[in-house]
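How does the following fold in three dimensions:
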Amino acid sequence: MAKKWYGNIGNRIEEGHNYTKEPLKEGVDVTMYYWSDRTCYYITKVVDQKHIFVHRYEVCADHSKPGGMGHQDWLYFKTIKEERQYINDCIDKGLIKGLEKEDIDSIKENSDEEWVFRYNHWCQVFRKDMLGNTLEKPNYYKLQPVSFGVRNYYYDWEF
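Residues are numbered from 1 along each chain as shown. Presented below is the predicted three-dimensional model:
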């Protein structure tokens, strides 16, 4: 079946690959491709090659580089606390103005996401409902296309 071409053509070309050329393992980066944007994750646990746990990178602008609207200079952090500490440091250095420092100790980290490969695509697994009750059978939500072994965040400023 031919690939459907839409959105950012670069995303369509890059999606759906394992750039590591090796089996999936802990620490491997993952890029998810949308219409024109891209988000990044890293693998935290491998149950098997069709069942993994991932954590989304916290991404923010690199304030040590000249930026402004349209830049694509990003820094990747594995935790929200690491990202907020960087932002607090930038506030202290005067690189960011108009923001107050955030209390790092009160931050609650996001949990890992469970993904499985089913019916020729990756799905996120939900084992609890929105109220936190355990479901009898897990729900599966089809994810956007991904590639393994690449971390390439992109934000399309035009949308």
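
in this structure, which strand has the most residues?
As assigned by DSSP state E, the longest strand anywhere in the chain is strand 38-48.

Least confident secondary structure element in this structure?
The helix or strand with the lowest mean pLDDT-type score in the chain, counting by mean pLDDT, DSSP states H and E, is helix 9-14 (a mean of 85).

thinking again about what came up before, name the next helix or strand downstream of the longest strand of the chain, please.
Once the chain leaves strand 38-48, the next helix or strand it forms, by DSSP states H and E, is strand 51-56.

Who does the spatially most central residue of the chain form a beta bridge with?
Most central residue of the chain, judged by C-alpha distance to the mean C-alpha position with CA atoms, centre = their mean, is residue 40 at 2.9 Å. Judged by DSSP bridges, the bridge partners of residue 40 are residue 31.

Against residue 139, how distant is it?
With distances taken as CB to CB, to the nearest Å, residue 40 is found 24 Å from residue 139. Yep, even glycine has a C-beta here, placed from its N, CA and C like the rest.

Do you know the pLDDT at residue 151?
Model confidence at residue 151, expressed as pLDDT, equals 96.

The nearest residue to it once chain neighbours are set aside - how many residues pack around it?
On the basis of CB to CB, 6 or more residues apart in numbering, the spatially nearest residue to residue 151 that is not a chain neighbour turns out to be residue 29, at 3.7 Å. Using other CB atoms under 10 Å, the number of residues around residue 29 comes to 19.

Validate this expectation: residue 81 resides in a helix.
Yes - looking at residue 81 with DSSP: H, G, I helix; E, B strand; the rest coil, it is inside a helix.

hang on, the earlier thing: pull up the per-residue confidence for the residue nearest to residue 151.
pLDDT, residue 29: 98.
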